[in-house]
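Student: Give me coordinates for this.
(one chain, ligands or ions: 1)
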Amino acid sequence: MKQKTFDYSAVILTGGSSGIGATFLASILALKQKVVICNLSRHKPESIEGREDCYHFECDLSQSEAIEAVFPKIQELLREKCPTGRILLINNSGFGKYGKFEESDLATQLNMIELNVCAVVHLTRLMLPLLIERGGAMINLASVVGFFPAPYMATYAATKSFVLDWSLALREELKEHKIKVLALCPGATKTGFFKVANATDFKVKFQSAEEVVEEAWKALESDKGFVVSGFSNKMRISIYKFLPLLWVARSIAKQFRPDGN
Ligand SMILES: NC(=O)c1ccc[n+]([C@@H]2O[C@H](COP(=O)([O-])OP(=O)(O)OC[C@H]3O[C@@H](n4cnc5c(N)ncnc54)[C@H](OP(=O)(O)O)[C@@H]3O)[C@@H](O)[C@H]2O)c1
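Tutor: Reported below is the predicted structural model:
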C-alpha cells in the first residue's frame, strides 16, 4: 500500500489475530504515519505487542451483548486518542464449515450466521454515525462463494452472499456521505480458515493473504464496489455470471462433495 493513499487516522478492524486480518494489520503497522488501530477478536494479535497506538479489545463478535459492551470502549478510545480524521472499518472476522448440512452441528451453523452476518450489520450500524461525522470507508469480507450457491458450504456461502449484496446496497446509500464501501471477495487463501472449516483436503490453488490485502488496498483507493482477488478467481466468476444458478450449484456440488460420489 502506498503511504500517501492511506488517509485514515483510525482503523477499527475485526479478526486481526490471524490470516487476512493479521495481514491487514501488518500492512497498516508498516505505515510511517500515525494511525490509531483498534482490533476486536477473541485473541490478541501478536504483532501489536508493545506497539503504541494499537489497541485490542477482546470480543466474541458472535455475541450481540459483547458488541454492545465493546462499542462504548471504541467510542472512548477514539475520543481520547484520535478525536479527528477519517475512520476505516474493516469487518473481517468470520469462519466457514465444510460438510453435509444434515450432519452439521446446528449451534455452529447459527454461530456462523451470528458472526458472518449479524456482527457485521451490528458493528457497522453502531459505527456508522462516527463514519458519517468524520468521513470514512468500510471493507467487508465477502468471498468468491458469495456469488453462487455452494453445496457442502451452504450456510457459509449464503452468509457471504449476504455480505456482498448488503455491501453493494449500502455503498449506494452512503454515497451522499462520500463513504466508500468495498466488498472484498477472496478465493482460497492460505490462512487458518480451512483448518477451522474442516476442509484441509481441498486441492485448490491458494493465494497468499498478502496478495489479497494488496488487491483490497488498490480497490479501495480506486473506489471499487467489490473486488474478486486473483486472476483465476476473476475468470471463474465472470464465467459463472453467464450460467444458470442451478447449473452452477450442481457443478459445485460435484466438486465439493465430501465423499466424492
Ligand atoms: N481464507 C480463505 O480462503 C477466505 C476466502 C474468502 C473469504 N474469507 C474470509 O476472510 C475473513 C478472514 O478469514 P481468514 O481466512 O483470515 O481466516 P482465519 O485465519 O481463520 O481468521 C479468522 C479471524 O476471525 C476471527 N474470529 C473468528 N471467530 C470470531 C469471533 N467469534 N469473534 C471475533 N472474531 C472472531 C479470528 O480471531 P479470534 O480467533 O482471535 O477470535 C481470526 O482473527 C473471514 O471473514 C473469511 O470468511 C476467507
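
Student: biggest helix in the chain by residues?
Tutor: helix 154-174 (DSSP state H).

Student: Any idea how many residues pack against residue 33?
Tutor: 11 (other CB atoms under 10 Å). Every residue, glycine included, has its C-beta placed from N, CA and C.

Student: Tell me how far stretch 12-26 lies from the chain's centre.
Tutor: 9 Å (CA atoms, centre = their mean, to the nearest Å).

Student: That stretch and the ligand, any residue contact?
Tutor: Yes - residues of stretch 12-26 contacting the ligand under CB under 6 Å from any ligand atom: 14, 15, 17, 18, 19, 20, 21.

Student: about what we covered before: downstream of the longest helix of the chain, the next helix or strand is which one?
Tutor: strand 180-185 (DSSP states H and E).

Student: Which other helices and strands does that following strand contact?
Tutor: strand 136-141, helix 154-174, helix 209-221, strand 226-228 (3 or more CB pairs under 8 Å, 6 or more residues apart in numbering; DSSP states H and E).

Student: can you do 10 Å?
Tutor: strand 87-91, strand 136-141, helix 154-174, helix 209-221, strand 226-228, helix 231-240 (3 or more CB pairs under 10 Å, 6 or more residues apart in numbering; DSSP states H and E).

Student: Could you export the ones you listed as CSV, including distance to residue 101 and mean neighbour count?
Tutor: Output for the helices and strands packed on strand 180-185, formatted as CSV (distance: least, CB to CB, whole Å; neighbours: other CB atoms under 10 Å):
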stretch, distance to residue 101, mean neighbour count
strand 87-91, 25, 26
strand 136-141, 22, 25
helix 154-174, 5, 19
helix 209-221, 27, 20
strand 226-228, 26, 22
helix 231-240, 22, 14
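
Student: Mind checking these for the one nearest to residue 71?
Tutor: strand 87-91 (12.1 Å; CB to CB).

Student: hmm, that closest one in reach of the ligand?
Tutor: No - Strand 87-91 lies apart from the ligand when judged by CB under 6 Å from any ligand atom; the minimum separation is 8.0 Å.

Student: Show the average pLDDT along that strand.
Tutor: Strand 87-91 comes out with an average pLDDT of 98.

Student: buried residues in the next helix or strand along the chain from it?
Tutor: Counting by DSSP H and E, the next helix or strand C-terminal to strand 87-91 is helix 106-113. Neighbour-count burial for helix 106-113, counted by 16 or more other CB atoms under 10 Å, picks out 109, 111, 112, 113.

Student: Up against the ligand, what does the stretch 1-150 of the chain have?
Tutor: Counting by CB under 6 Å from any ligand atom, the stretch 1-150 of the chain sits next to the ligand at 14-15, 17-21, 41-43, 59-62, 92-96, 115, 141, 143.

Student: Among those, which are located in helices?
Tutor: Going by DSSP H, the helices hold 19, 20, 21 from those.

Student: Neighbour-wise, give me the winner out of these.
Tutor: residue 20 (28 neighbours).

Student: how close does it sit to residue 120?
Tutor: 15 Å (CB to CB, to the nearest Å).

Student: dump the residue contacts of residue 22.
Tutor: 13, 15-16, 39, 41, 45-48, 92, 191-192, 209, 213 (CB atoms under 10 Å, 6 or more residues apart in numbering).
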